[in-house]
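Q: dropping a prediction and its sequence here:
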Amino acid sequence: MSDTFPTHARVVIIGGGVIGCSIAYHLAELGWTDVVLLERKQLTSGTTWHAAGLLTTLRDTETQTRLAKYTQDLYRRLEAETGQATGIIPCGSVQLAKTIEKANEMRRGLHMAASFGVEAREISPEEVRSLWPLAQVADLAAAFHFPNDARVNPGDVTRALAKGARQRGVRIYEHTKVTGIRQQNGRVTGVETDRGAIEAEIVVNCAGMWARAVGRMAGVNVPLQAAEHYYLVSEPIEGLHPLLPILRDPGNSAYIREEAGKIMVGLFEAEARPWGLDGIPDDFEFGEITPDWERVSPVIEQAMSRVPILYETGIRLLFCGPESFTPDHNYLMGEAPNLKNFFVAAGFNSLGILSGGGVGHVMARWIVDGHPPMDVWSVNLRRTHPWQDNSRFLADRIVEALGIGYQDHWPARQWSTARNVRKTVLHDRVAAAGACFGEGAGWERPNWYATAGETPAYRYGWGRDNNWFMPSAREHEAVRERVGLFEQSSFAKLLVQGRDAVTVLNRLSTANVDVAVGRCVYTQFLNERGGIEADITITRLASDRFLILTAAFTQTHVESWIRNHIPADAFAVVTDISQAYAMLNIQGPNARALLQALSEDDLSHAAFPFGSAREIRLGYQTVLAIRLTYVGELGFELYIPTGFALPVYDAILAEGSRHGLQHCGYHALNTLRIEKAYREWAHDIGPDDSPIVSGLAFTCAYDKAGGFIGRDALLREREAGLPKRRLVQLRFDDPDAFAYHNEPLYRDGERVGFVTSAGYGHTLGACTAMAYVGHSDGVDEAFIHSGRFEVQLAEGRRTVTPALKPLYDPTNERIRR
Ligand SMILES: Cc1cc2nc3c(=O)[nH]c(=O)nc-3n(C[C@H](O)[C@H](O)[C@H](O)COP(=O)(O)OP(=O)(O)OC[C@H]3O[C@@H](n4cnc5c(N)ncnc54)[C@H](O)[C@@H]3O)c2cc1C
């Protein structure tokens, strides 16, 4: 530790756990050495010191798997580089499945992980037995061996990272508590500590379970909550050795590993208990929580069934320590949406050690380059919402979040805790119509509708084996053949107004939004690298007033993207009007006839062409109608002032029966849009995908005055010739095949990409999907239409027919009539 306390640093990192030290290490590696790390007590004294140190690579998401893989590679070389041992033991791991469903889920994960170089293979129960002679394997449906997984000593890893950082010039101050965050004009300017203030260009909040409190010092929302987290260590048992692989046993909510001649059993119980609800005690340092034997005994009992000798051996230690969890079980990384240069990396859901290296790498590059080195949306802080900084919500949700990683990850699985945060004004009406709700950005949204004899509650399952496949098929068919009503009031609605609104939005948009009043423009916002940051529509309501529509889950990101790009001298303001309007989306060949029967305004194609927006009278009310579609049919989105919403809904319903109106949910919306190859941001397109590779270059007005952000990158990409990667649509040849997400795609036996989204194309009669196809010589029609394409499913490879044009209505005839 240096003697003189600094008054200035380029970067101040708050928190000396594995995450803070890893970011410091990686910043220094990139040559940023004017970095100060502040730790209120001692390094590792928060959560890091008591972690079990598992380094297992296969995670729930692609991003988390990639970061875990990077971490493993880093920890292997850290000792040689820094001279500090990390205690790494290359023991490998074995994942165990007790049911066929879980086995198939793991097989899918295995194929996905292979795309990132994670080595794994399926093994028989007998092989599990030979790797772990004390394990009971009679109940196994399948098992998977990951030979490169390992375990480490988390304290030593952190000390190695800190040492590596120090060796390159980072200054670390222990016993220094950050007490305030300084900011000016929306930008962080430094920190206050109990030893004095430090000016800084960049501040990084890596304060673990204190990160929410540190975020509050800066007015930044960091929604996380600590929970009790347990492991036990047995008395010594003969015949154990350190190279016994880690057993991950989700069916028993547990992992098991050797620990110095004993067995360690870690618990991920389905119902956890939050901790520190009144705030984390100030004196917490290398702390423990008194275990609640009564609560966890049944979980321990079940976990022990995997290695029954544990029933005979005593428990030497039952350890309980706090770890922070997030509402969606993904961690929180990145720059705050509302405070420039204030970064966050926290909420690791008991994956902080195994993700720590990758997180340090991504965060350091993000800080240095101004953007992350890969698409990390699923862990981006900007996916969170201000309302989530609510103690009661967090406490209730965290009960479920701790164990979710060890549960079955069914398609469409919903959270069962902390629901009913946001309800639209039409909620009770659609509930009465049979809606089964799912949560999206806190909103309760109809995902599918039950009819007589069906219960509007999820029964999960893969493929057709659930209770929503058929209702959703019904809805899909109604939209194609008659007309469907989608309740989409959860849509985020932003008004951008002012003299310079058009200039600001035109600079952000690929399309030209300087259009006539009453036109609606489909466009993307790009980053400087040409990657897609937003996929939205912009409607010109007046010469100086625009309505931006985007999915609810992207609101924080899109809103902050616009705000952060308004030049200081520009006259343009953003207002969130999401809750002022309900939205009913009427789609299908009978949509016009239905609405025309209720409106005195002319809704004909001539008077109301595709892409136009008008205020129309509907019943006694006036609503904003926009002629658009996300399902590939004739349709109108109706933006209804909230006070008008119920009567408008009632009027549409009353008239609807004459036109075959059907309530439709988000599952049908998804299958319809995939069948029409409409992209979804965060699935098919994102910050690493340009409009060129994703087939959206038609939105780009390259020659408009003032250009747009990302244009130069696109021009370079265009000049480079044939794209090396392209988004294609796929239709499975086997009508019983089901894909979901991330399945690898092969061409003539060679892996060329992966599925980005998939759903059953009820009109096309088979599962349809979208996937990126890569080829070093470029991807064109000839490449797509030659070769045999197959998707790797859990049960084997299945052939698919690829297409660059939508397989459903490629000429848009159904939309423009
Ligand atoms: C029982 C248990 C087992 C686990 N097992 C594993 C495992 O096997 N594998 C795995 O990957 N993960 C595991 N974890 C999770 C892992 O320990 C955490 O995810 C990880 O340690 C989080 O690191 P961190 O740096 O974010 O937080 P911390 O280690 O808590 O570091 C944050 C630091 O910030 C400091 N700080 C807070 N406020 C301030 C302030 N105002 N000023 C200055 N400093 C401040 C704190 O003192 C603390 O040291 C386990 C956790 C538990 C509880």
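A: Cool, got the structure. Keep in mind that what you see is a predicted model, and the values were worked out from it rather than measured.
Q: around the ligand, which positions in the stretch 151-300 of the chain sit nearby?
A: Within the stretch 151-300 of the chain, the residues that sit near the ligand (CB under 6 Å from any ligand atom) are 177-178, 206-210, 214, 229, 231. For glycine as for every other residue, the C-beta is placed from the backbone atoms N, C-alpha and C.
Q: of the residues you listed, just the buried ones, PyMOL syntax please.
A: Remark: buried members of these, expressed as a PyMOL selection using 16 or more other CB atoms under 10 Å:
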select buried, resi 178+206+207+208+209+210+214+229+231
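Q: from the residues of the stretch 151-300 of the chain next to the ligand, which is closest to Ser578?
A: Val214 (28.7 Å; CB to CB).
Q: I figured the closest one hits Val203, correct?
A: No: using CB atoms under 8 Å, Val214 is not in contact with Val203, being 9.3 Å away.
Q: joint contacts of those two?
A: Contact criterion CB atoms under 8 Å, 6 or more residues apart in numbering; residues shared by Val214 and Val203: 14, 181.
Q: can you tell me which two in the residues of the stretch 151-300 of the chain next to the ligand are farthest apart?
A: Val178 and Tyr231 (30.3 Å).
Q: what secondary structure does the spatially most central residue of the chain sit in?
A: Centroid-nearest residue in the chain, with CA atoms, centre = their mean: Ser378, separated by 2.5 Å. Of the three states, Ser378 takes helix under DSSP: H, G, I helix; E, B strand; the rest coil.
Q: now do the contacts for the residue of the stretch 651-800 of the chain found nearest the ligand.
A: Using CB to the nearest ligand atom, the single residue of the stretch 651-800 of the chain nearest to the ligand is Asn742, 21.9 Å away. By CB under 8 Å, 6+ apart, the contact list for Asn742 reads 62, 108, 112, 115, 754-756.
Q: which one of those sits closest to Tyr666?
A: Taking the contacts of Asn742 together and measuring to Tyr666 by CB to CB, the closest member is Thr756, at 17.7 Å.
Q: which residue is the nearest non-sequential neighbour of that closest one?
A: Excluding its sequence neighbours, the residue lying closest to Thr756 (CB to CB, 6 or more residues apart in numbering) is Asp684, at 4.4 Å.
Q: what is the burial count for that neighbour?
A: Number of residues near Asp684 (other CB atoms under 10 Å) recorded here: 26.
Q: repeat that for Asp465.
A: Residue neighbour count, defined by other CB under 10 Å, stands at 11 for Asp465.
Q: and Glu288, by the same measure?
A: Residues near Glu288, counting by other CB under 10 Å: 11.
Q: hey, what's the nearest residue to it once chain neighbours are set aside bridged with?
A: Once flanking residues are discounted, Glu288 sits nearest to Gly321: 6.0 Å by CB to CB, 6+ apart. As for beta bridges, Gly321 partners with His229 under DSSP bridges.
Q: identify the residues contacting Gly321.
A: 47, 50, 229, 287-289.
Q: which of these sits closest to Leu495?
A: Among those, Thr47 lies closest to Leu495 (CB to CB), at 42.6 Å.
Q: name the spans of this structure whose pLDDT lies under the cut-off.
A: Scanning the chain for pLDDT under 70 picks out 1-3.
Q: before we move on, what SS does His605 have?
A: Reduced to three states by three-state DSSP, His605 is coil.
Q: pop out the phi and psi values for it.
A: Dihedral pair for His605: phi -60, psi -40, per degrees, to the nearest 10.
Q: repeat that for the one 3 residues further on.
A: Backbone dihedrals for Phe608, given as degrees, to the nearest 10, come out at phi -140, psi 70.
Q: number of residues surrounding it?
A: For Phe608, the neighbour count with other CB under 10 Å is 21.
Q: just Ala270 next, same as before
A: 13.
Q: that one contacts Gly403, doesn't it?
A: Yes: in this structure Ala270 lies within contact range of Gly403 using CB under 8 Å: 4.5 Å.
Q: residues from this structure in reach of the ligand?
A: 14-20, 38-41, 45-48, 50-54, 177-178, 206-210, 214, 229, 231, 321, 323, 346, 348, 350-354.
Q: any idea which element Ala771 lies in?
A: strand 766-774 (DSSP states H and E).
Q: pull up the pairing partners for that strand, direction included.
A: Strand pairing for strand 766-774, determined by DSSP bridges: strand 725-732 (antiparallel), strand 750-761 (antiparallel).
Q: single out the most deeply packed of these.
A: Highest mean neighbour count among these (mean count of other CB atoms under 10 Å): strand 725-732, with a mean of 23.
Q: what's the offset of it from the middle of its chain?
A: Strand 725-732 sits 22 Å away from the centroid of its parent chain (CA atoms, centre = their mean, to the nearest Å).
Q: give me the contacts around it.
A: Residues from elsewhere that reach strand 725-732 (CB under 8 Å, 6+ apart): 674, 677, 679, 684-685, 689, 693-695, 739, 745, 753, 755-756, 761, 764, 766-775, 779, 784, 789, 791, 798-807.
Q: from Arg382, how far out is the closest residue to the ligand within the stretch 101-250 of the chain?
A: Nearest to the ligand, among the residues of the stretch 101-250 of the chain, is Gly208, at 2.6 Å (CB to the nearest ligand atom). Separation of Gly208 from Arg382 (CB to CB, to the nearest Å): 21 Å.
Q: next one: Arg108
A: 28 Å.
Q: strand partners of the helix or strand in which Gln183 is found, parallel vs antiparallel please.
A: Element membership for Gln183 (DSSP H and E) is strand 178-184. Counting by DSSP bridges, the strands paired with strand 178-184 are strand 187-193 (antiparallel).
Q: circling back to that earlier point, can you work out which residues contact both of Ala270 and Gly403?
A: Common contacts of Ala270 and Gly403 (CB under 8 Å, 6+ apart): Ser253.
Q: which residues does Asn467 contact?
A: Contacts for Asn467 (CB under 8 Å, 6+ apart) come out as 454-455, 458-459.
Q: looking at the contacts of Gly321, which two lie furthest apart in space?
A: The widest separation within the contacts of Gly321, taken as CB to CB, falls between His229 and Gly287 and amounts to 12.6 Å.
Q: any residues in contact with both of those two?
A: Common contacts of His229 and Gly287, defined by CB under 8 Å, 6+ apart, comprise 321-322.
Q: check the residues of the chain next to the ligand for burial and list the buried ones.
A: Using 16+ other CB under 10 Å as the burial test, the residues of the chain next to the ligand include 14-20, 38-41, 45-48, 50-54, 178, 206-210, 214, 229, 231, 321, 323, 346, 348, 350-354 as buried.
Q: keep only those of those that are in helices.
A: Among those, DSSP state H puts 18-20, 214, 352-354 in helices.
Q: name the nearest of those relative to Cys520.
A: Comparing these against Cys520 with CB to CB places Val214 closest, at 42.2 Å.
Q: residue contacts, the residue in the stretch 501-650 of the chain positioned nearest to the ligand?
A: Closest contact between the stretch 501-650 of the chain and the ligand, by CB to the nearest ligand atom, is at Thr556 (21.9 Å). Thr556 is in contact with 337, 382-386, counting by CB under 8 Å, 6+ apart.
Q: which one of these has the most neighbours?
A: Among the contacts of Thr556, Thr384 has the most neighbours (other CB under 10 Å), with 25 neighbours.
Q: ok, now how distant is it from Leu332?
A: Per CB to CB, Thr384 is found 7 Å from Leu332.
Q: who does the longest helix seen in the chain touch, helix- and strand-wise?
A: Longest helix in the chain by number of residues, with DSSP H as the criterion: helix 62-82. If you count contacts as 3 or more CB pairs under 8 Å, 6 or more residues apart in numbering; DSSP states H and E, helix 62-82 packs onto strand 54-55, helix 100-114, strand 150-151, helix 154-167, helix 352-369.
Q: next helix or strand past that helix?
A: Downstream of helix 62-82, the next assigned helix or strand under DSSP H and E is strand 93-97.
Q: got the CA positions of that next one in PDB?
A: In PDB, the C-alpha atoms belonging to strand 93-97 read as follows (Å, rounded to 0.1, in the frame of the first residue of the first chain):
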ATOM      1  CA  SER A  93     -16.600 -31.600 -13.300                       C
ATOM      2  CA  VAL A  94     -19.600 -33.900 -14.000                       C
ATOM      3  CA  GLN A  95     -23.100 -32.700 -14.500                       C
ATOM      4  CA  LEU A  96     -25.800 -35.000 -13.400                       C
ATOM      5  CA  ALA A  97     -29.400 -35.300 -14.800                       C
END
